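J.: next comes the sequence, and after it the predicted model I'd like to discuss.
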4 protein chains.
Amino acid sequence: MKTFILLFGCKDQKGIVARISDFILKHDGNIITADQYSTDPEGGHFFIRVEFVLGQDQYKKNDLTLEFSPIGSQFGASWNFYDKSETLRMGIFVSEPDHCLVDLLYLWSSGELNVEIPFVLSNVEKHRKLAASYNVPFHYICADKNNRKEDELLSYALNSTDFLVLARYMLVLSPDFLQKYNKDIINIHHGFLPFFKGADPAAKALEEGVKVIGSTAHFVNNELDEGPIIAQEVQNVSHKDSREDLVRKGKNLEKKALASAIASYIDYRVIRYENKTIVF
Amino acid sequence: MKTFILLFGCKDQKGIVARISDFILKHDGNIITADQYSTDPEGGHFFIRVEFVLGQDQYKKNDLTLEFSPIGSQFGASWNFYDKSETLRMGIFVSEPDHCLVDLLYLWSSGELNVEIPFVLSNVEKHRKLAASYNVPFHYICADKNNRKEDELLSYALNSTDFLVLARYMLVLSPDFLQKYNKDIINIHHGFLPFFKGADPAAKALEEGVKVIGSTAHFVNNELDEGPIIAQEVQNVSHKDSREDLVRKGKNLEKKALASAIASYIDYRVIRYENKTIVF
Amino acid sequence: MKTFILLFGCKDQKGIVARISDFILKHDGNIITADQYSTDPEGGHFFIRVEFVLGQDQYKKNDLTLEFSPIGSQFGASWNFYDKSETLRMGIFVSEPDHCLVDLLYLWSSGELNVEIPFVLSNVEKHRKLAASYNVPFHYICADKNNRKEDELLSYALNSTDFLVLARYMLVLSPDFLQKYNKDIINIHHGFLPFFKGADPAAKALEEGVKVIGSTAHFVNNELDEGPIIAQEVQNVSHKDSREDLVRKGKNLEKKALASAIASYIDYRVIRYENKTIVF
Amino acid sequence: MKTFILLFGCKDQKGIVARISDFILKHDGNIITADQYSTDPEGGHFFIRVEFVLGQDQYKKNDLTLEFSPIGSQFGASWNFYDKSETLRMGIFVSEPDHCLVDLLYLWSSGELNVEIPFVLSNVEKHRKLAASYNVPFHYICADKNNRKEDELLSYALNSTDFLVLARYMLVLSPDFLQKYNKDIINIHHGFLPFFKGADPAAKALEEGVKVIGSTAHFVNNELDEGPIIAQEVQNVSHKDSREDLVRKGKNLEKKALASAIASYIDYRVIRYENKTIVF
């Protein structure tokens, strides 16, 4: 048995579910889970994620794609099939601190994060040992604010990855890099977006005297810390929390938000729509 | 336009979604939301909740029921259509304290709880004033542990309600009452079930030195505080919390769990299955 | 036995606790709880809240104040004694919606909020009935953006209240009013400050696609929604949540944050310091 | 400057704080934080934790102990001074899974957990590599239910550790071991105690259909999973969560509860009292 996922979005209209489920039935498939959402049943946009098994092994993703094309066209939809047995290749960029890197590598090695990790790339040499202990290739790039070495980044990332994770990578990626890479990039921001953008959100939280802090995993786009939010984690704090406390508590939130966002993403549960996300 | 909800459950098998969505399409309907769950795609039990609008007003719940019957039979399913414009009649039983009663009446009067409330029934006379301030009929029943007056309860509840809420009603309802009433009863338990059953869970929590307390909304069945759990709320506590603090914090949890459970229930999002619930 | 509370703040230095506890001992008192905080043990500011009982009834707040004065002067401190048996008078201003008003009146009537409520004041006439059902005086003020009628507000509030609560009062109070009233005012903001200031935070949250919403209780100062934060509550949301859902969920957060802030305030647990709060 | 901590408990009575703070003042010290708690100001038990700095370096823990003795005797108290610059030695016992071990080693190496780790001891050989990557000695003990090899455990733990952490160690330690070791042992239980004791709490949670799961860090005593609770973490779950999901989510709760309990413990914030804990 093979498991496939269909992600599908179009202008809301009648008969979409009927047509899709009929397609699956005709391929002798069984729907395992389906999630759908409409921004507005009257003239809004409709999204569906269908996970289904096909009893017979002869179908491949390409077959389904080919055969589904007329249906997609009929509804004017954006859509894609994914084969659940194929794992995505996740490149990791990291500077400091390394708590998210440690967490991702452990989740991956213990089977909780079903991806391939072609490399860990960092402008901090000392993470090499950690990557090596997990037998993951490590690339050191001597990049800083004055020289981001984006060509080098791109040469590593472009063909070997399906998406990138910035696990506290401290250099902003240029619009040029984003355009050339042209795949999804997930960033963890150590603050509660859309606020506390930029550097040192702990200092800002302290200054404002907030009683709750947060962390945000989001897609990267051309605006700093402005891309669609995928997951957010929050925690109560008090006047007693020092800057160090906020940083330490924030780290837990970052690990949780990033791992949660990646888990949803690689299970094809995240759909971008109008600078927001639908997370099934 | 009319909105209907179909709740449907049967042994998991191929073609269910296709058949249901085709039925809706043929009635010129549009699916607004659909949630489904299978205990196991291989031989498990399948549940689906479909909310859909019919563009034309001529269809009534009974028409849909009649026309859907062959499909239900084909799959050996349990199923029901609900007309979203019909509101359920919720009877409230209450003793003391009255925080849940106050909360339910306010949510109802402010339009956040879409039910009819045919009566508030209590073995505590003083709630009459509150009920009156909301223009809700009030029945005082002089019931206690020695005389539960269940015939009287039944005479009020049987025909005028679609379900009952025990908003801190302190008398256990007998199996005989449950059998005669034969509709759903939702209870709020001021503890974290399946533990801390019975009276005075705050005292038990204090004695055990727990660092988290909870509250549980559940269906009533023949076993005390044993029915299927619908919603649970929890909150951190510490050694500083006195018995009064635990009771006070617990009250907030009770209001939240009960309101949440009722909101799901009246939106037909709760399915009972094997002494558990599926809450879509 | 009488219970008193001392709030005390001064430049951090040695011997403060020794001096205060010695003072209490010499008055034959027993410390029940003490909370202290220093912004920095080296040259920072020190705050302490001490709750203590005096075995003999002869002492009054004024006696303690008089006798403590030399100690306060010695440390260059700001300080105050409070008699726990005296309840504060809390005026309520409200427009719409009324969920916080309902909650506060219920908490008050059930003994969970130990204040006097001299009046509910509103620019919405229909809350009169609710106030009446709790036997609380109601003042209708025909105020709007063009005519805030602050003289009238002041005439009601100035002498009859110890502090004010804006339980969703929709008119901004002018600096002139704040100066003349010159006591604490607690506002509930239906958003997660210091962000989403001003009107309609739900719309902003929706637009930004946040996955967490919040609510903030804070002191009012001359800047709109800028005063020191006392309490914040947060809750997860998703793409499924409509504007109505956000408003509804937000209401729960508002009730919780406001009730929590008031409970701390009337127990003399809130200290303002540099546009932030210490909440013991 | 040296920082010391005093933990002190006795029957509640007048003058305790005065006497302690006077003692500190006379040693030219400054109190940084103080937390106190009384089970009942009338005849209850009083606990205080005072953290203070001494400006002059000449005092050592033993000096303070000697000089404080008369005060301790006067109040009939249990008490201890701790020198904050001395780190505790934490032995780790682990079987499988290893998520807590990974977390503790990382927190330790990144400076967030201020302990010494004399060894990791396991009945699972494969953790040797992980321990080695952190340069922590590893002891493999071929222990199982039939032969717990407690003499061997003891020979490693007795003299080299100040306390033990069972980071998912799957063998129950006998009363004999506990008596001989005679220091604190902290266990992480993958369930919400005092419920779901023993093996496989995820299966029990699934069977009961709970909507919240938890994890508990507690001291070990002679009763299985019965010792005083130090920290508990909880998380919402739903019918969708499979056994694997519950285990995975539980792991996060376990890491959080265990790290939190250890952080409080090594900062001398945990006091055992009547099979409960006070966590300042």
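T.: Looks like it came in fine.

J.: quick one: the helix or strand of chain A with the lowest mean pLDDT to chain centroid distance?
T.: Ranked by mean pLDDT, DSSP states H and E, the helix or strand of chain A with the weakest confidence is helix A:201-208, at a mean of 86. Relative to the centre of its chain, helix A:201-208 is centred 27 Å away, using CA atoms, centre = their mean, to the nearest Å.

J.: tell me the contacts of the residue of the stretch 51-200 of chain A found nearest chain D?
T.: Closest approach between the stretch 51-200 of chain A and chain D, counting by CB to the nearest CB: A:Ser133, at 4.7 Å. Placement of C-beta: from N, CA and C, glycine included. By CB atoms under 8 Å, 6 or more residues apart in numbering or on different chains, the contact list for A:Ser133 reads D:129, D:133.

J.: repeat for the one 10 residues further on
T.: With CB under 8 Å, 6+ apart as the criterion, the residues that contact A:Ala143 are A:123, A:149, A:152-153, A:171.

J.: could you dump the residues you listed to CSV with pLDDT and distance to chain D?
T.: As requested, the contacts of A:Ala143 are arranged in CSV below (pLDDT from 0 to 100; distance: CB to the nearest CB, whole Å):
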residue, pLDDT, distance to chain D
A:Asn123, 97, 19
A:Lys149, 96, 27
A:Glu152, 97, 28
A:Leu153, 97, 26
A:Leu171, 95, 22
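
J.: which member of those residues is positioned nearest A:Ala231?
T.: Within the contacts of A:Ala143, the smallest distance to A:Ala231 is 22.7 Å, found for A:Leu171 (CB to CB).

J.: now the residue of the stretch 151-280 of chain A found nearest chain D. Nearest residue, chain neighbours left out?
T.: When distances are taken as CB to the nearest CB, the stretch 151-280 of chain A reaches nearest to chain D at A:Arg248, 6.0 Å away. With sequence-adjacent residues excluded and distances taken as CB to CB, 6 or more residues apart in numbering or on different chains, A:Arg248 is closest to D:Glu112, at 6.0 Å.

J.: count the neighbours of the one you found for me.
T.: Residues near D:Glu112, counting by other CB atoms under 10 Å in any protein chain shown, number 16.

J.: again, but for the one 5 residues further on
T.: Here the neighbour count serves as a burial measure; for D:Ile117 (other CB under 10 Å) it reads 21.

J.: residues contacting it?
T.: By CB under 8 Å, 6+ apart, the contact set of D:Ile117 is D:89-92, D:104-105, D:108, D:136.

J.: try A:Ile278
T.: Residues in contact with A:Ile278 (CB under 8 Å, 6+ apart) are A:37, A:47, A:270-271, C:239.

J.: can I get the longest helix anywhere in chain A in CSV, CA atoms only?
T.: If you go by DSSP state H, chain A has its longest helix at helix A:243-266. Extracted in CSV, the C-alpha atoms of helix A:243-266 (Å, rounded to 0.1, in the frame of the first residue of the first chain):
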residue,chain,number,x,y,z
ARG,A,243,17.3,39.1,30.6
GLU,A,244,19.0,35.7,31.0
ASP,A,245,15.8,34.1,32.2
LEU,A,246,13.9,35.5,29.2
VAL,A,247,16.5,34.1,26.8
ARG,A,248,16.5,30.7,28.5
LYS,A,249,12.7,30.5,28.5
GLY,A,250,12.7,31.8,24.9
LYS,A,251,14.9,29.0,23.8
ASN,A,252,12.4,26.4,24.9
LEU,A,253,9.7,28.3,22.9
GLU,A,254,11.9,28.4,19.9
LYS,A,255,12.6,24.7,19.9
LYS,A,256,8.9,24.0,20.3
ALA,A,257,7.7,26.4,17.6
LEU,A,258,10.4,25.4,15.1
ALA,A,259,9.9,21.6,15.6
SER,A,260,6.2,22.1,15.3
ALA,A,261,6.4,24.2,12.2
ILE,A,262,8.7,21.7,10.5
ALA,A,263,6.6,18.7,11.5
SER,A,264,3.5,20.3,9.9
TYR,A,265,5.5,21.4,6.8
ILE,A,266,7.0,18.0,6.0
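
J.: what's the following helix or strand after that helix?
T.: With elements assigned by DSSP states H and E, the helix or strand that comes after helix A:243-266 is strand A:270-273.

J.: centre of the chain to that next one, how far?
T.: 10 Å.

J.: where do the domain boundaries of chain A fall?
T.: Taking automatic domain parsing as the domain assignment, the ranges for chain A are A:2-83, A:90-279.

J.: mind putting these in TSV, distance to B:Cys100 included?
T.: What follows is the domains of chain A, written out as TSV (distance: least, CB to CB, whole Å):
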stretch	distance to B:Cys100
domain A:2-83	32
domain A:90-279	26
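
J.: for C:Leu6, find the nearest of these.
T.: Proximity to C:Leu6 (CB to CB) singles out domain A:90-279 among the domains of chain A, at 18.6 Å.

J.: so what's the gap between the closest one and the chain middle?
T.: On CA atoms, centre = their mean, the centre of domain A:90-279 falls 10 Å from the chain's centre.

J.: check what pLDDT A:Lys251 gets.
T.: A:Lys251 is assigned 93 on the pLDDT scale.

J.: mind listing what it touches?
T.: The contact partners of A:Lys251, taken as CB under 8 Å, 6+ apart, are A:97, A:99, A:190.

J.: contacting residues for A:Leu64?
T.: If you count contacts by CB under 8 Å, 6+ apart, A:Leu64 has them with A:4, A:6, A:27, A:81.

J.: quick one: mean pLDDT over the strand or helix carrying it.
T.: Using DSSP H and E, A:Leu64 sits within helix A:61-75. Averaging pLDDT along helix A:61-75 gives 96.

J.: residues of the stretch 151-280 of chain A that sit close to chain D?
T.: Residues of the stretch 151-280 of chain A lying close to chain D (CB under 8 Å from any CB of the partner chain) are A:248, A:252, A:256.

J.: so the residue nearest to A:Arg248, which state does it fall into?
T.: What DSSP: H, G, I helix; E, B strand; the rest coil gives for D:Glu112 is coil.

J.: how much space between it and D:Phe280?
T.: From D:Glu112 across to D:Phe280, the span is 19 Å (CB to CB, to the nearest Å).

J.: and for A:Phe46?
T.: Separation of A:Phe46 from D:Phe280 (CB to CB): 54 Å.

J.: what's the answer for A:Ser122, then?
T.: Distance, A:Ser122 to D:Phe280, by CB to CB: 40 Å.

J.: more crowded one of those two?
T.: Set A:Ser122 next to D:Phe280 and count neighbours by other CB under 10 Å: A:Ser122 wins out with 25 against 21.

J.: for the more buried one, grab phi and psi.
T.: A:Ser122 adopts backbone torsions of phi -150, psi 150, taken as degrees, to the nearest 10.

J.: could you do the one 10 residues further on as well?
T.: Note on A:Ala132: backbone dihedrals following degrees, to the nearest 10 are phi -60, psi -40.

J.: correct me, but it touches A:Phe138?
T.: Yes - in this structure, A:Ala132 is within contact of A:Phe138 by CB atoms under 8 Å, at 6.6 Å.

J.: shared neighbours, these two?
T.: Common neighbours of A:Ala132 and A:Phe138, using CB under 8 Å, 6+ apart, do not exist here.

J.: looking at these two, which one has more neighbours?
T.: The neighbour count for A:Ala132 versus A:Phe138, taken as other CB under 10 Å, is higher for A:Phe138 (17 against 13).
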